[in-house]
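Asks: what's the 3D shape of this:
(one chain, ligands or ions: 1)
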Amino acid sequence: MPTVVRCWRCQDEHIPQVFCPACEALQPLPPDIDYFTVFGLARDPVLDEQALANTYYDLSRQLHPDLHQTGTAEEQEASLQNTAVLNRAYRTLRDPVQRGQYWLELNGEQLGKENNKVPPDLALLVFEVQEQLAAVREAQSAGTDDARAGLKSELTQVWDDLDDRMQGLQQKLAANFSKWRQADDASDLLSGLKRVLSEMAYLRTLTRDVEKALSIF
Ligand SMILES: [Zn+2]
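Replies: All right, here's what the predicted structure looks like:
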């Protein structure tokens with residue numbers, strides 16, 4: 001990532017940002033700009049989501065192509081390009097799970113293939129949920145009304161358990177994020193982050209499966 005860019009209009013050199021701090025001309029953001037810099041934020045996975053949303057709406061308004069229709073070709077192009085970068089950055093940073101995955105990438109890591117394996121801490125839970133879902137499928141074809149009602153309430157309980165588990169993981173993720181600022185050695189934090197993100201990704205899939213099963217009752 002370039003640390004400074006030069007204004008196309010006044011030649012001022014500055015950290016990449018949407019408007020030149022010297023002449024206020026709209027600037028094209030470098031394509032490899034990191035998403036935190038887009039929002040003028042320090043690289044830190046802990047962020048104020050409300051403040052992020054406010055900045056996003058402000059910048060979206062200021063960048064809107066309609067506002068730059070009469071500008072130079074540079075400005076028109078920059079408004080389009082920057083809007084695309086801004087939207088991508090916002091989608092990624094506003095969701096803690098996507099933010100965590102992006103954070104891994106910034107640190108030269110990714111979830112990769114590990115993500116497809118059942119996380120060890122979830123193995124038992126995954127097994128139980130799959131049993132339950134199999135029982136539901138069976139009851140759909142052959143079960144009595146009583147059996148179906150029982151399964152529905154069991155499945156609802158399963159959904160509640162998954163939801164509790166997800167909330168616990170959200171707290172773990174937030175705790176992991178909060179430690180990066182003072183981390184001397186990031187390797188433990190990295191492996192912890194991968195573990196939490198894998199579990200969350202897996203839980204999301206399981207939750208969707210359970211919701212799909214619940215929707216047919
Ligand atoms: Zn300038």
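Asks: Just list the residues touching Q27, thanks.
Replies: For Q27, the contact set (Cβ atoms under 8 Å, 6 or more residues apart in numbering) comprises V5, C7, W8, P16, Q17, V18, F19, C20, A78. In this view, the C-beta of every residue, glycine as well, is placed from N, C-alpha and C.
Asks: what about the last one, how many neighbours?
Replies: Applying other Cβ atoms under 10 Å, we find 22 other residues in the vicinity of A78.
Asks: Can you list the neighbours in contact with the lowest-mean-pLDDT helix or strand in the chain?
Replies: Of all helical and strand segments in the chain, the minimum by mean pLDDT, DSSP states H and E falls on helix 123-142, at a mean of 86. Contact partners of helix 123-142, identified using Cβ under 8 Å, 6+ apart, comprise 118, 147-148, 151, 154-155, 158, 161-162, 165, 202, 206, 209-210, 213, 216.
Asks: Tell me where this protein is predicted with low confidence.
Replies: For the chain, the stretches with pLDDT under 70 are 1-2, 113-116, 143.
Asks: any idea which helix is longest in it?
Replies: helix 145-179 (DSSP state H).
Asks: mind listing what's buried in that helix?
Replies: Of the residues in helix 145-179, 151-152, 155, 158-159, 162, 165-166, 169, 172-173, 176-177 count as buried by neighbour count, 16 or more other Cβ atoms under 10 Å.
Asks: re the thing from before, closest to the ion out of the contacts of helix 123-142?
Replies: Using Cβ to the ion, Y202 comes nearest to the ion of the contacts of helix 123-142, at 48.3 Å.
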